[in-house]
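Peer 1: here's my sequence, what's the structure:
(one chain, ligands or ions: 1)
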Amino acid sequence: MAKTKIKFRNINKSFGNKEIIKDLSFDIEEGQFITILGSSGSGKTTTLKMVNRLIEPNSGQIEINDKEIKEYDLIELRRQIGYVVQQIGLFPHITIEKNIATVPELLGWEPEKIKERVTELMALIQLPYSEYAHRYPKQLSGGQQQRIGVARALAANPQIMLLDEPFGSVDAITRKELQSQIKAIHAELDSKTFLFVTHDINEAFLLGDRVMIMDKGRIEQYDTPQNIIKNPKGAFVNSLLDTVREEESLWSELI
Ligand SMILES: Nc1ncnc2c1ncn2[C@@H]1O[C@H](COP(=O)(O)OP(=O)(O)OP(=O)(O)O)[C@@H](O)[C@H]1O
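Peer 2: Presented below is the predicted three-dimensional model:
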């Protein structure tokens, strides 16, 4: 039986007197690619940031590997978790190689081991070491920088990857390429659990083994893309699927 990697139990989170996350409970199995889909302000980022304790819930429990995250040393916890956001945040004054090597260097890895790891990751994201390692971030396109952000997050071999709208700021064609790459990267890596936030329904359904659809701080449906399409639950999920159907009919009208 698959192992539960991340468990949320009755999580509540308010900012001031505004309740943002309401009694949220779910399980994520090890090795799955989970997409979190929802409208703006539905609590997707807040949910993600509670996994690596950038945000603390007001009540409830979060477990990783059956242990409450509060019981881990914070540095030890974050070492197990890679984090990629839309504003990549590469360091502009150091090379791509150094950017990817940031965490391994902090961890005191041997230089040879670091170079080996950087080379391996650059091959994985299809930006070969020989061509790109010694460039600076501004010498790369936005999409390439985003891939470096993914490699940097993977550098210390985390078990969990949190990706918050990582492709939000790139053009549609690059976005498509990045989507197929991230799926391939996940498939190549053994049993890594990915949580990927997006408000793009096509992206969520294309990438997710399971899609978690959120509205107003609650889960509306959490299932495989196939099951959601076959059996959408509730008004919000139906209205999301309608937007795709409307786009399809617009296209067919135009042809
Ligand atoms: N630090 C904070 N202080 C106060 N309010 C916050 C804070 N962080 C988030 N919020 C509020 O919580 C709500 C949910 O925010 P969150 O970023 O989780 O939404 P989201 O679903 O990721 O939205 P988006 O797709 O727009 O990024 C929003 O109304 C936001 O304004």
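
Peer 1: neighbours around whatever residue of the stretch 51-200 of the chain ends up closest to the ligand, how many?
Peer 2: Closest to the ligand within the stretch 51-200 of the chain is His199: 5.0 Å, counting by C-beta to the nearest ligand atom. Any C-beta I mention is one placed from the backbone N, CA and C, and that applies to glycine too. Neighbours of His199 under the rule other C-beta atoms under 10 Å: 16.

Peer 1: summarise which helices and strands the longest helix along the chain is packed against.
Peer 2: As assigned by DSSP state H, the longest helix anywhere in the chain is helix 234-254. The contact analysis (3 or more C-beta pairs under 8 Å, 6 or more residues apart in numbering; DSSP states H and E) places helix 234-254 against helix 201-207, strand 210-215, strand 218-223, helix 225-230.

Peer 1: return the most buried member of those.
Peer 2: Among those, strand 210-215 has the highest mean neighbour count (mean count of other C-beta atoms under 10 Å), at a mean of 23.

Peer 1: before we move on, back to that, buried sites along the longest helix of the chain?
Peer 2: Phe236, Val237, Leu240, Leu241 (16 or more other C-beta atoms under 10 Å).

Peer 1: that older thread, backbone phi and psi for the residue of the stretch 51-200 of the chain closest to the ligand, please?
Peer 2: Main-chain torsions, His199, degrees, to the nearest 10: phi -110, psi 10.

Peer 1: please apply the same query to Asn52.
Peer 2: Per-residue torsions, Asn52: phi -100, psi 20 (degrees, to the nearest 10).

Peer 1: ok so, going back, got TSV for the helices and strands packed on helix 234-254, with mean pLDDT and distance to Gln86 too?
Peer 2: Listed next are the helices and strands packed on helix 234-254 as TSV, based on pLDDT from 0 to 100; distance: least, C-beta to C-beta, whole Å:
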stretch	mean pLDDT	distance to Gln86
helix 201-207	94	13
strand 210-215	97	18
strand 218-223	96	23
helix 225-230	96	23
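
Peer 1: so which of the ones you listed gets nearest the ligand?
Peer 2: Nearest of the helices and strands packed on helix 234-254 (C-beta to the nearest ligand atom): strand 210-215, 6.8 Å.

Peer 1: the closest one pairs with which strands, and in what direction?
Peer 2: Next to strand 210-215 in the sheet, as set by DSSP bridges, lie strand 33-38 (parallel), strand 218-223 (antiparallel).

Peer 1: could I have stretch 196-214 exported to PDB, CA atoms only?
Peer 2: Extracted in PDB, the C-alpha atoms of stretch 196-214 (Å, rounded to 0.1, in the frame of the first residue of the first chain):
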ATOM      1  CA  PHE A 196       1.900  22.300  -7.600                       C
ATOM      2  CA  VAL A 197      -0.400  25.400  -7.200                       C
ATOM      3  CA  THR A 198      -2.000  26.800 -10.200                       C
ATOM      4  CA  HIS A 199      -5.200  28.700 -11.200                       C
ATOM      5  CA  ASP A 200      -5.000  27.300 -14.700                       C
ATOM      6  CA  ILE A 201      -7.400  24.400 -15.100                       C
ATOM      7  CA  ASN A 202      -5.700  22.900 -18.100                       C
ATOM      8  CA  GLU A 203      -2.400  22.900 -16.300                       C
ATOM      9  CA  ALA A 204      -3.900  21.300 -13.200                       C
ATOM     10  CA  PHE A 205      -5.600  18.500 -15.100                       C
ATOM     11  CA  LEU A 206      -2.600  17.900 -17.400                       C
ATOM     12  CA  LEU A 207      -0.100  17.600 -14.600                       C
ATOM     13  CA  GLY A 208      -1.900  16.200 -11.600                       C
ATOM     14  CA  ASP A 209      -2.200  12.500 -10.700                       C
ATOM     15  CA  ARG A 210      -4.900  14.000  -8.400                       C
ATOM     16  CA  VAL A 211      -6.300  17.500  -8.500                       C
ATOM     17  CA  MET A 212      -7.300  19.300  -5.300                       C
ATOM     18  CA  ILE A 213      -9.900  22.000  -6.200                       C
ATOM     19  CA  MET A 214     -10.300  24.700  -3.600                       C
END
